[in-house]
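Chemist: Using only what follows, build the 3D model:
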Amino acid sequence: MKKIGLYVLAIIAAVTIFANFASAEKISDDTDDVYYWTWNESLGTYKWAHSVTTKPNIDITEISFTTNGQQAILTMKVKGIIESSEKVTYLLYYNTTDVNYWMSYSNGTGFCMANSGTGMAWGNATASGDTITATVNLVPTGTKLAFWGFAAEYTNQFGDKSAEWWGDWAPQDESPWYGQNGEEGGNGGGGGGGGTPGFEGAIFCMSLLAAFVILSRKK
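Modeler: Presented below is the predicted three-dimensional model:
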């Protein structure tokens, strides 16, 4: 009987390990791959280029999504130290067939949310050294559809007529400049026209999310 009990425990342990493994997702990102972006509304142009300025505070090295009991955990690591500044933003997005997970961290504060369409959960995001860790009560995760992270630093406020940015995406093929070699121009580089830079899409999503958070907390 003792042997049967040990076998049962071994099976339970194996199933638990496999379940934790199956729910884990980790993406490593190259270092020194931060891109620089300038924009001038009057000229209607912008330019992508590999940054010659070292930005370890936004140079993502790894993003991960795991589950632990009844919690979902999202993490982001950078090459340097996570910076607490209103002009530096870190974002993680994990999308499945059943739920969307968001993590945002900026200016020393952060939050995490899970939205399944029929249910919602709020969590916290904290930074220590090179890592941001966000936790939220687990909502059924479903099958992964997308997973990416974004970190950026800018010099001008939104609404200005010109701006410059430094940014990194993980994985790199999610970036708006992927495969474009940093060529100048609108619509992703190569012509000098207008268009909507890829960073604006991410910022637009974060702005909507922030507005949603504010409205939800006022209710």
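
Chemist: Give me the contact list for the helix or strand hosting Leu91.
Modeler: Of the helices and strands defined by DSSP states H and E, Leu91 is found in strand 88-96. Strand 88-96 has contacts (C-beta atoms under 8 Å, 6 or more residues apart in numbering) with 25, 57-58, 63, 65, 74, 76, 82, 100-107, 110, 132, 134, 141-153, 202-203, 206. The C-beta positions use only the backbone N, C-alpha and C, and glycine is treated the same way.

Chemist: Tell me the helix or strand right after the helix or strand bottoming out on mean pLDDT in the chain.
Modeler: Across the helices and strands of the chain, mean pLDDT, DSSP states H and E gives its lowest value to helix 2-22, namely a mean of 35. Scanning forward in sequence from helix 2-22 by DSSP H and E, the next helix or strand is strand 25-28.

Chemist: Tell me how far the residue nearest to Gly129 when sequence neighbours are not counted lies from Val52.
Modeler: Nearest residue to Gly129, sequence neighbours excluded (C-beta to C-beta, 6 or more residues apart in numbering): Ile81, at 6.2 Å. Separation of Ile81 from Val52 (C-beta to C-beta, to the nearest Å): 21 Å.

Chemist: The two - which one has more neighbours?
Modeler: The neighbour comparison of Ile81 against Val52 (other C-beta atoms under 10 Å) goes to Ile81, with 13 against 7.

Chemist: Tell me which helix or strand the more buried one sits in.
Modeler: Per DSSP H and E, there is no helix or strand for Ile81.

Chemist: ok, it to Leu138 distance?
Modeler: Counting by C-beta to C-beta, the gap from Ile81 to Leu138 is 29 Å.

Chemist: Ser116 now?
Modeler: 11 Å.

Chemist: Who has more neighbours out of the two?
Modeler: Neighbour count, other C-beta under 10 Å: between Ser116 and Leu138, Leu138 has more, with 19 against 15.

Chemist: The more buried one against Ala72, yeah?
Modeler: Yes - between Leu138 and Ala72 there is a contact under C-beta atoms under 8 Å: 4.9 Å.

Chemist: Which neighbours do the two have in common?
Modeler: Ala114.

Chemist: May I have the predicted confidence score for the residue nearest to Ser85 when sequence neighbours are not counted?
Modeler: Nearest-residue entry for Ser85: Asn107, 6.2 Å, with adjacent residues in sequence omitted and distances by C-beta to C-beta, 6+ apart. Asn107 is assigned 93 on the pLDDT scale.

Chemist: Cross-check the contact I'm expecting between Asn107 and Ala127.
Modeler: No - under the criterion of C-beta under 8 Å, Asn107 is not in contact with Ala127, lying 10.9 Å apart.

Chemist: Overlap of the contact sets of these two?
Modeler: With C-beta under 8 Å, 6+ apart as the test, Asn107 and Ala127 both reach Ser84.

Chemist: These two: who's more crowded?
Modeler: Ala127 (20 against 12).

Chemist: distance of the more buried one from Tyr36?
Modeler: 24 Å.

Chemist: ok, Gln150 - contacts?
Modeler: Wrong residue type there; residue 150 is Phe, not Gln. So Phe150 contacts Thr89, Tyr90, Leu91, Leu92, Tyr93, Gly167, Asp168, Trp169, Ala170, Ala202 (C-beta under 8 Å, 6+ apart).
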